[in-house]
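**Student:** Starting from these lines, generate the structure:
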Amino acid sequence: MDVLNGAKIYDCFEDLFKGEDAKNVIICGTGMPVDMSLDRPKQRYVAPRRFFDEILAVENETTADSSGTRKEQEIINIAFLFGNERFGMNSGDIEKCDVMLGIPTNPEFGSLNVASAVQIIAYDWREAIGGFDLESNDDLER
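**Tutor:** Numbering: from 1, shown residues only. Have a look, this model is predicted:
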């Protein structure tokens with residue numbers, strides 16, 4: 001399924017926890033473990049690729065039974081939260097996240113604009129789930 005066609009956008013953070021969409025959600029905020037001007041609440045910060053590898057390793061362990069046969073797996077939904085470019089995510093929203101994805105940047109100036117952060121997270125997620133097989137893609141030969 002196309003990611004954008006399957007994406008859901010919520011008007012407020014609390015709407016994420018309503019109805020069927022609230023099941024099996026891992027909430028991943030994005031941000032810096034330190035900020036140039038603001039104190040941040042204590043939270044687990046992980047590089048995106050490392051966290052995605054952890055998620056997929058756990059999923060692979062739980063989707064096979066002792067005979068090695070894959071069993072029906074529960075769908076895990078991942079919510080990616082991005083803050084605004086000037087101040088990032090607010091402390092209340094950071095505390096609601098299961099994990100903060102900290103994109104490794106220069107600690108002296110670790111801020112990224114939202115478009116750059118989205119691109120990096122999307123690329124790391126795509127690579128974690130298998131990337132693209134560029135060598136067998138006929139469209140690239142045109």
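**Student:** Show the subsequent helix or strand relative to the worst-scoring helix or strand of the chain on mean pLDDT.
**Tutor:** Taking mean pLDDT, DSSP states H and E as the measure, the chain has helix 3-6 as its least confident helix or strand, at a mean of 72. Per DSSP states H and E, the first helix or strand lying C-terminal to helix 3-6 is strand 25-30.
**Student:** Could you tell me which residues make contact with Asp133?
**Tutor:** Asp133 makes contact with no residue under the criterion Cβ atoms under 8 Å, 6 or more residues apart in numbering. Bear in mind the C-beta positions are built from the backbone N, C-alpha and C, glycine included.
**Student:** same deal with Ala79?
**Tutor:** Contacts here follow Cβ under 8 Å, 6+ apart; on that basis Ala79 touches 16, 25-28.
**Student:** just the buried members of those residues?
**Tutor:** By neighbour count, with 16 or more other Cβ atoms under 10 Å, the contacts of Ala79 hold 16, 27-28 as buried.
**Student:** which SS state does Ile78 fall under?
**Tutor:** When the structure is split into helix, strand and coil by DSSP: H, G, I helix; E, B strand; the rest coil, Ile78 lands in strand.
**Student:** before we move on, the earlier item: ok, so of the contacts of Ala79, who is nearest Glu54?
**Tutor:** Within the contacts of Ala79, distances to Glu54 taken as Cβ to Cβ reach their minimum at Ile26, with 10.5 Å.
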